[in-house]
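In: any chance you can model this:
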Amino acid sequence: MVMKGRKSDGKSQGSGGLYNSTGPSGGVFRRTFLQTIIVLIIVLVVLLAGSMIHIFLLFFAGIMLAVFLNFFGKQLTRLPWVPHWLAITIILIILTTLLGLSIVMVTPLVAEEMEALVSQIEKSILQITEWLEERDWGHFVLEQIPGLEDFENNGELWTRVADIFSITFGAFTSIGIFLLVGVFLAYSPGIYKSGFLHLFPPDLRNRAAEVISKIGTTLRWWLVGQLISMVVLALSTWIMLALLKVPKAPMLALITGLLTFIPYLGPIIALIPIILVAYVESPLLALYVFILYMFIQNVEANVLMPVIFHRTVHVPPALGVISQILFGSLMGFLGFILAIPLMAVVLQFVRMVYVEDVLGDKRTNNN
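Out: Numbers count the residues shown, from 1 in each chain. Model (predicted):
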């Protein structure tokens, strides 16, 4: 009877497998199996979160495009014979035409100018490298800059730069998603806004609509302000470089204008090629360029932009730089570009929802 009972127990363990085994090995296997599943789930959630962050940024960029299109479309709808859909269509046709003309007419000139600019910057870097090599402390500086010592031989630095730009501007899928979201939202903003408001209780929908409207105003004026800033800084930089007779002034001014879309850090990044090109002509010229550029940039940042942004949430410079570093580290290059409008939206949301509604402080509602 005892032998039969033992044989029966062995069969039940074998049929149940190691997972259902009541022995020590079964317990170890179950714990290991469950821990493995938990780790896999965590990894999957992290991977999905990373993808969701990218999708969220593309969706946010699409919202900004829709806000941009609706802002200019609204100006056209003031005419009695232009409905909303026609205004958006006209804006899209104008933008597409300008983009096509720029590609056909400007791209060859830009490519030629860019090649000459790269050659000019290469010459400047080589001169700086030779100047540093003549000094004892310069060798220490060169050792801290990866690839700079080998720059003259293989052009490794510009290969890396080219790779970065090819990766950045080669994301056609992301651009397509961004354009589709922006265009669809621009044509029917009311439908999506109404659907979103239905997620809130009926007694909160009016306040939610007010918050959404204020956030839209923040984004709209931020975009308008950035466009004005880009044009002003590009033109002023062009005039300054032309008066100082710095080579490749139009291309340097164009780069400055484009990089100004990234507040705070963008104009500083744009200053690097300007200084390098000016240094080839004369170190004193580079100093003059630096002083005048910083003067222009400070006037633009401290005089022009506060006037433009007086109707919206102003992101303090320190908080803006911190947000760019934070979002850039967590969300990549796209997060770095969109850090300031994201922070402006967060500040507006905190002000209206937390400060005004939760804390009851209405004194902030005066901007």
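In: phi, psi of residue 260?
Out: In terms of degrees, to the nearest 10, the main-chain angles of residue 260 are phi -70, psi -20.
In: helices or strands up against the host helix or strand of residue 44?
Out: Here residue 44, judged by DSSP states H and E, is contained in helix 24-76. Applying 3 or more Cβ pairs under 8 Å, 6 or more residues apart in numbering; DSSP states H and E, one finds that helix 24-76 contacts helix 84-101, helix 172-187, helix 205-243, helix 317-337, helix 339-349. The C-beta positions use only the backbone N, C-alpha and C, and glycine is treated the same way.
In: can I get those helices in a markdown table including mean neighbour count and mean pLDDT?
Out: What follows is the helices and strands packed on helix 24-76, written out as a markdown table (neighbours: other Cβ atoms under 10 Å; pLDDT from 0 to 100):
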| stretch | mean neighbour count | mean pLDDT |
| --- | --- | --- |
| helix 84-101 | 14 | 86 |
| helix 172-187 | 16 | 82 |
| helix 205-243 | 17 | 88 |
| helix 317-337 | 17 | 81 |
| helix 339-349 | 20 | 87 |
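In: contacting residues for the closest residue to residue 250 other than its chain neighbours?
Out: Leaving aside its chain neighbours, residue 250 sits nearest to residue 238 (6.3 Å; criterion: Cβ to Cβ, 6 or more residues apart in numbering). Residue 238 makes contact with 249, 250, 252, 253, according to Cβ atoms under 8 Å, 6 or more residues apart in numbering.
In: contact partners for the third one?
Out: Translated: residue 252. Taking Cβ under 8 Å, 6+ apart as the test, what residue 252 contacts is 117, 237, 238, 241, 246, 270, 273, 274, 277.
In: ok so, going back, filter the contacts of residue 238 to the buried ones?
Out: Using 16 or more other Cβ atoms under 10 Å as the burial test, those include 249, 252, 253 as buried.
In: hmm, the last one is touching residue 237, no?
Out: Yes. Taking Cβ atoms under 8 Å as the definition, residue 253 is a contact partner of residue 237 at 4.5 Å.
In: against residue 303, how distant is the closest residue in space to residue 209 that isn't next to it in sequence?
Out: Closest residue in space to residue 209, ignoring its immediate chain neighbours: residue 197 at 5.9 Å, by Cβ to Cβ, 6+ apart. Noted for residue 197: a distance of 39 Å to residue 303, by Cβ to Cβ, to the nearest Å.
In: thinking again about what came up before, which one among the contacts of residue 252 gets closest to residue 131?
Out: residue 277 (16.2 Å; Cβ to Cβ).
In: now do that closest one, the pLDDT please.
Out: With respect to pLDDT, residue 277 has a value of 81.
In: how far does stretch 119-132 sit from the chain's center?
Out: 31 Å (Cα atoms, centre = their mean, to the nearest Å).
In: mind listing what's buried in that stretch?
Out: 120, 121, 122, 124, 125, 128, 129, 132.
In: helix, strand or coil for residue 261?
Out: coil (DSSP: H, G, I helix; E, B strand; the rest coil).
In: right, and it touches residue 337 too?
Out: Yes. Contact criterion Cβ under 8 Å: residue 261 and residue 337 qualify, at 7.3 Å.
In: which one of residue 197 and residue 303 has more residues nearby?
Out: Between residue 197 and residue 303, residue 197 has the larger neighbour count (other Cβ atoms under 10 Å), namely 15 against 9.
In: residues in contact with the more buried one?
Out: With contact set as Cβ under 8 Å, 6+ apart, residue 197 has these partners: 205, 208, 209, 212.
In: picking up where we left off before, of the helices and strands packed on helix 24-76, which approaches residue 292 most closely?
Out: Once the helices and strands packed on helix 24-76 are compared by Cβ to Cβ, helix 205-243 is nearest, at 5.2 Å.
In: wait, residue 292 sits on residue 240?
Out: Yes. With contact defined as Cβ under 8 Å, residue 292 reaches residue 240; the gap is 5.2 Å.
In: now for residue 43: which residues touch it?
Out: Not one residue lies near residue 43 by Cβ under 8 Å, 6+ apart.
In: helix/strand/coil for residue 79?
Out: Classified using three-state DSSP, residue 79 is coil.
In: burial count for it?
Out: Here the number of neighbours of residue 79 (other Cβ under 10 Å) works out to 10.
In: separation between it and residue 88?
Out: For residue 79, the distance to residue 88 - Cβ to Cβ - is 14 Å.
In: which residues touch residue 74?
Out: residue 87.
In: what distance do you get for it to residue 278?
Out: Applying Cβ to Cβ to residue 74 and residue 278 gives a distance of 43 Å.
In: got it, and residue 43?
Out: 50 Å.
In: equivalent analysis for residue 354, please.
Out: Distance from residue 354 to residue 278, by Cβ to Cβ: 48 Å.
In: pick out whichever of these two has more residues nearby.
Out: residue 278 (26 against 11).
In: right, and the more buried one touches residue 286 too?
Out: Yes. Counting by Cβ under 8 Å, residue 278 touches residue 286, with 4.1 Å between them.
In: ok, so of the contacts of residue 252, who is nearest residue 98?
Out: The closest of these, once distances to residue 98 are taken by Cβ to Cβ, is residue 238, at 19.4 Å.
In: report how many residues lie close to the residue nearest to residue 245 when sequence neighbours are not counted.
Out: Excluding the flanking residues, the one nearest residue 245 by Cβ to Cβ, 6+ apart is residue 281, at 7.9 Å. Counted with other Cβ under 10 Å, residues neighbouring residue 281 total 16.
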